[in-house]
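A.B. asks: need coordinates for the below:
(one chain, ligands or ions: 2)
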Amino acid sequence: MSQKHPVIAVTGSSGAGTSTVKTSFEHIFRREKLTAAVIEGDSFHRYDREAMKQAVAESEKNGNRPISHFGPEANEFEKLEALFKEYGEKGTGQKRLYLHNEEEAAPWNQKPGTFTPWSQIPAGSDLLFYEGLHGGAKSDTADAAKYVDLLVGVVPIVNLEWIQKIYRDTSARGYSAEAVTHTILRRMHDYVHYITPQFSRTHINFQRVPTVDTSNPFIAREIPTLDESMVVIRFRHPETTDFPFLLRMIHDSFMSRPNTIVVPGGKMGMAIELILTPLILDIVAKSRA
Ligand SMILES: Nc1ncnc2c1ncn2[C@@H]1O[C@H](COP(=O)(O)OP(=O)(O)OP(=O)(O)O)[C@@H](O)[C@H]1O
Ligand SMILES: O=C(CO)[C@H](O)[C@H](O)COP(=O)(O)O
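C.D. replies: Numbering: from 1, shown residues only. Ligands and ions are numbered 1, 2, ... in the order given. Got it, this is the predicted structure:
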C-alpha cells in the first residue's frame, strides 16, 4: 500500500477492455476534480517492436518456450515496481508511451512500435492511475502488486477476450486474424502464469459474460454488444460494500454470491462509477489526512 500518494491500477489481458474501462475512471477523476498521472502498461514492455521480434525468434530457437508480452522476459516488472514505490512515497516517477500504430506515432514523429522518451510525471497529481497488463504483477524478482492501493481486474470470459483482441488488432493495429491467433497461442504459458494470477490479488473484478454464442472466437467477426452481455462483479471485501444501495441503483442487478453482484452489460459503466467513486474518494482522503 502507498497511502501517501495513492496508486490505482486497472489490470487485464490484451483485448480485455482495460482501455475502454479507463473512460469510466476518467469520468470519476473529472467529476471529483482529481488529477491522475496516467501510466500505460505497454510502456513497460522491455523491447520495441523490432527488438521484440528478434527476442521472440531467439527464444524459440531449439524449440524452447517463446517469450511473450505477458511474461517477465518481455517486460520491465522491476521498473514498474520501482515506479509504484517511488510514486507512493514521493508522488514522482518517470513515464513514457508505446506507440502502437501510425495514428499514435505521428504526433511524436516516430515509427509505430517504438517508445517515446522517458519523461518526469508532472508534479502535483492526486494519484497514479495504471492501465494495462500488469497492474498486479508478481514474478521471482519483482512485486508491483504490493504497492497498489486499489487493484481492479477487467476480465471478460476468455472467448470474449479473444474476440475483442482479434477484432481490435485486425481493425486498429493492422494484423491479420491468423497473426493474432498465433500471438494468442504463443502467449498461453505466460497468460496462465502471469496474467490470471493477478485476478486473485485484485480488490474487485469485472467479468463480462456474453449471452450470445461465442464458442468459436476465431471465426467471430463482431464483438457481442454490452446489451448482449452481463457483468459479474466480485469483491474481495464484501463486508465494506453497500450491496443494497447497488441493487437499488442498478436496475435488474442481482446477487449471485455473498461477494458477487451481477449487472446487465449496458450498466457496466454506471456500475464501475457507482462502486469505485467512494473507494477512490476514501483513498484520496486518507492520503491527504
Ligand atoms: N465492454 C465492451 N463492450 C464492447 N466492446 C468492448 C468492450 N470492452 C472492450 N471492447 C472492445 O474490445 C476491443 C479491445 O478493448 P481495449 O482496447 O479496451 O482492450 P485493452 O484491454 O486495452 O487491450 P490492450 O491492453 O491490448 O491495449 C476494442 O475494440 C474495444 O472497443
Ligand atoms: O496489446 C498488447 C499488449 O497489451 C500488444 O500486444 C503489445 O503492446 C505489443 O504490441 P505490438 O505487437 O503491436 O507491437
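
A.B. asks: in what helix or strand does the closest residue to residue 122 other than its chain neighbours lie?
C.D. replies: Leaving aside its chain neighbours, residue 122 sits nearest to residue 37 (7.1 Å; criterion: Cβ to Cβ, 6 or more residues apart in numbering). Any C-beta I mention is one placed from the backbone N, CA and C, and that applies to glycine too. For residue 37, the host element (DSSP states H and E) is strand 36-40.

A.B. asks: that strand packs against which elements?
C.D. replies: helix 18-31, strand 94-95, strand 127-132 (3 or more Cβ pairs under 8 Å, 6 or more residues apart in numbering; DSSP states H and E).

A.B. asks: following the chain past it, name the next helix or strand.
C.D. replies: Where DSSP H and E defines the elements, the next helix or strand beyond strand 36-40 is helix 49-60.

A.B. asks: and that next one, does that touch ligand 2?
C.D. replies: Yes: using Cβ under 6 Å from any ligand atom, we find that helix 49-60 touches ligand 2 at residue 49.

A.B. asks: tell me which residues are up against that helix.
C.D. replies: Helix 49-60 has contacts (Cβ atoms under 8 Å, 6 or more residues apart in numbering) with 45-47, 65-69, 73-74, 112-114, 186.

A.B. asks: run the last query once more with 7 Å
C.D. replies: The contact list for helix 49-60 (Cβ atoms under 7 Å, 6 or more residues apart in numbering) reads 47, 66, 67, 74, 113.

A.B. asks: for ligand 2, tell me which of the residues you listed show up nearby.
C.D. replies: Checking these against ligand 2 (Cβ under 6 Å from any ligand atom), the matches are residue 113.

A.B. asks: out of the contacts of helix 49-60, what pair is the most spread apart?
C.D. replies: 66 and 113 (18.2 Å; Cβ to Cβ).
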